[in-house]
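Trainee: Dropping a prediction and its sequence here:
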Amino acid sequence: MHYLNDPKLFRQQCYINGEWVAASSGHTFDITNPSDGSVIGSAPLLDGFEINSAIEAAHRSLPEWKRKTAKERSLILKHWVRLIMNHQEDLATIVTLEQGKPFKDAKGEITYGASYIEWFAEEAKRIYGEIIPTNHPGNRILVSKDPIGVCAAITPWNFPFTMVTRKIAPAIAAGCTIVLKPSEKTPFSALALAELSRRAGLPKGVLNVVTGDPAKIGGILSTHPLIRKLTFTGSTAVGKHLLKNCAETIKKVSLELGGHAPFIIFDDADIDSAVKGAMISKYRNAGQTCVCANRFIVHDAVYDIFTQKLVEQVQKLSVADGFAEGAQLGPLIDRASLDKIDIQIQDAVSKHARILAGGNIHALGGTFFQPTVIGDVTADMRISHEETFGPVAPVSRFHTEQEAIQIANNTESGLAAYLYTKDISRIFRISESLEYGIVSVNTGIFSNEAAPFGGVKQSGIGREGSKYGIEEFVEIKQICIGGILPS
Ligand code: SIN
């Protein structure tokens, strides 16, 4: 175990109603370091009644929390941000241990995650209502935005810190209470965050963190009548299942699901800038983000120069344990992720794609994979239709603008798309034609707390971050007041 300045941040219990609790059965499950498979700790395997008790705690604490002024909530959230930044090194150590990403990137993730709490601490004060004039002179319509109530959040392993803050910060800021289930692969970042919320003065029951069997907990959170809102980031298959479950009690739902991002490069693009954008978009987090470029679609005239320059950069990447000096790519999260990539590559090669860089398990073994570039990719290959979630860049050619748009939109996913061109009219034309929630033009990275994040089609429902993110956690109420004019 790597040394923590504050070992009390490494919690191996659940956080329910302001108390650290084990499963009453005593059952736990192990969490391993993806870099070497070693066990770094264990977390409680809670039973159904214990999940219910977390929901009830959130329900009990709701009236008092939502009565607080926005400024009171904001001050607690800001205190939480200060504590997070004071413990940045420890929190980053926990992220690297359980997720595998390079320590430098983990530190970046703590800053990124904290920025959502800071942002929503301010947005809490801007949940404005309205007065609407009516066609009846003696009436006025008041519109208020009320906290939706008890929320549930289910978060993934790829950003074990930020995917949590991006969901719980707007909920708490809006006056909701919440039950969080972090990924069973990476619960310790969320539990450390809960410990800091306690120190920041967040009242008991406002944030509850539960761990255990994902199917069981997901089943309870998506069907429990006291939960009014469910927010989930993860696979499209699980998202569909949760959405169906939520129908029974008509919960408000936000889903951030799979992506299949096209990265389109036109012949007038700045190729060095496109390569820089490709590197960050594709190889960030070892290719394990929902918005990673998943298909490079390159104009025939610049295909050769782009692939040559991309390969040069990819071959310089340092693959290593997250704590190693200079590490740029850590391991994949598990063996199943590695196998999926392997199958996609073998399928592509069997259909005449060419490996231009990498293509194999890395010499470090385990779940380390070589950063890979594959050329001559065609539409009949699995990699052209499936999300990869790994460090593999498949490159194909196009000749006309219409062809590029058709290839890019030929998917049920619609999270992020990238576009490189210097032609301003083309930027508008293509951006408006792309069926995606995010279009990133001449840059490989766009995520930040001020920007709306979310997808269309089967990539999801709702937006996170930005002024829109908090709207997901409020309900609009109309108060119609009559008798204003004397009769
Ligand atoms: C994700 O993979 O869902 C998050 C990526 C990001 O925040 O940029």
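Mentor: Yes, it's here.
Trainee: Every contact and neighbour count from this point should use C-alpha atoms.
Mentor: OK.
Trainee: tally of neighbours for Asp6?
Mentor: Residues contacting Asp6 under the criterion other CA atoms under 10 Å number 11.
Trainee: quick one: it and Leu91 touch, right?
Mentor: No: at 9.7 Å, Asp6 does not count as touching Leu91 under the criterion of CA atoms under 8 Å.
Trainee: interface residues of the stretch 251-400 of the chain facing the ligand?
Mentor: 289-291 (CA under 6 Å from any ligand atom).
Trainee: out of these, which one sits closest to Arg67?
Mentor: For these, the residue nearest Arg67 by CA to CA is Cys290; the value is 36.5 Å.
Trainee: mind checking pLDDT for the nearest residue to Thr249 once chain neighbours are set aside?
Mentor: Closest residue to Thr249 apart from its sequence neighbours, by CA to CA, 6 or more residues apart in numbering: Pro225 at 6.2 Å. Looking at Pro225, its pLDDT is 98.
Trainee: and the gap between Pro225 and Gly390?
Mentor: As judged by CA to CA, to the nearest Å, Pro225 and Gly390 stand 38 Å apart.
Trainee: What helix or strand is Ala43 located in?
Mentor: Using DSSP states H and E, Ala43 falls within strand 39-44.
Trainee: Report the buried residues of the next helix or strand after that strand.
Mentor: Note on strand 39-44: by DSSP H and E, the next helix or strand toward the C-terminus is helix 48-67. For helix 48-67, the neighbour count (16 or more other CA atoms under 10 Å) marks 50-52, 54-62, 65-66 as buried.
Trainee: May I ask which of the residues of the stretch 251-400 of the chain next to the ligand has the most neighbours?
Mentor: Val291 leads those on contacts (other CA under 10 Å) with 29 neighbours.
Trainee: Which residues are in contact with the residue in the stretch 301-450 of the chain positioned nearest to the ligand?
Mentor: Among all residues of the stretch 301-450 of the chain, Ser447 sits closest to the ligand, at 4.7 Å; criterion: CA to the nearest ligand atom. Shown in contact with Ser447 (CA atoms under 8 Å, 6 or more residues apart in numbering): Phe453.
Trainee: 10 Å instead, please
Mentor: By CA atoms under 10 Å, 6 or more residues apart in numbering, the contact set of Ser447 is 112, 291, 438, 440, 453, 465.
Trainee: try Ile438
Mentor: Ile438 neighbours (CA under 10 Å, 6+ apart): 261, 291, 414-418, 431, 446-447, 451-456.
Trainee: again, but for Ala261
Mentor: 281-282, 290-296, 387, 408-409, 411, 413-418, 436, 438-439.
Trainee: tell me the SS of the closest residue to the ligand within the stretch 1-150 of the chain?
Mentor: Distance from the ligand to each residue of the stretch 1-150 of the chain (CA to the nearest ligand atom) is smallest for Tyr112, at 8.5 Å. Recorded secondary structure, Tyr112: helix (DSSP: H, G, I helix; E, B strand; the rest coil).
Trainee: circling back to that earlier point, pull out the buried members of the contacts of Ile438.
Mentor: Members of the contacts of Ile438 classed as buried by 16+ other CA under 10 Å are 261, 291, 414-418, 431, 446, 451-456.
Trainee: Out of the residues you listed, list just those in strands.
Mentor: Residues from the buried ones among the contacts of Ile438 lying in strands, with DSSP state E as the criterion: 261, 416-418.
Trainee: want to try TSV for these, with distance to Ile461 as columns?
Mentor: Formatted as TSV, these follow (distance: CA to CA, whole Å):
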residue	distance to Ile461
Ala261	17
Ala416	14
Ala417	17
Tyr418	20
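Trainee: Now pLDDT and distance to Trp119 too, for the residues you listed, in TSV please.
Mentor: As requested, those are arranged in TSV below (pLDDT from 0 to 100; distance: CA to CA, whole Å):
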residue	pLDDT	distance to Trp119
Ala261	98	27
Ala416	98	22
Ala417	98	25
Tyr418	98	26
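Trainee: Can you tell me which of those is closest to Ala247?
Mentor: Nearest to Ala247 among those, with distances taken as CA to CA, is Ala416, at 27.2 Å.
Trainee: Surely Phe10 touches Glu98?
Mentor: No: Phe10 sits out of contact with Glu98 when judged by CA atoms under 10 Å, with a separation of 11.4 Å.
Trainee: what pLDDT does the closest residue to Ala324 other than its chain neighbours get?
Mentor: Leaving out its chain neighbours, the residue that sits closest to Ala324 by CA to CA, 6+ apart is Pro102, at 7.8 Å. Note on Pro102: pLDDT of 98.
Trainee: what's the answer for Gly149, then?
Mentor: Reported pLDDT for Gly149: 98.
Trainee: For the nearest residue to it once chain neighbours are set aside, give me its contacts.
Mentor: Excluding the flanking residues, the one nearest Gly149 by CA to CA, 6+ apart is Cys176, at 5.1 Å. When contacts are counted by CA under 10 Å, 6+ apart, Cys176 touches 58-59, 61-63, 65-66, 146-151, 168-170, 206-207, 228-229, 473-474.
Trainee: Having no further points to raise, I will conclude here.
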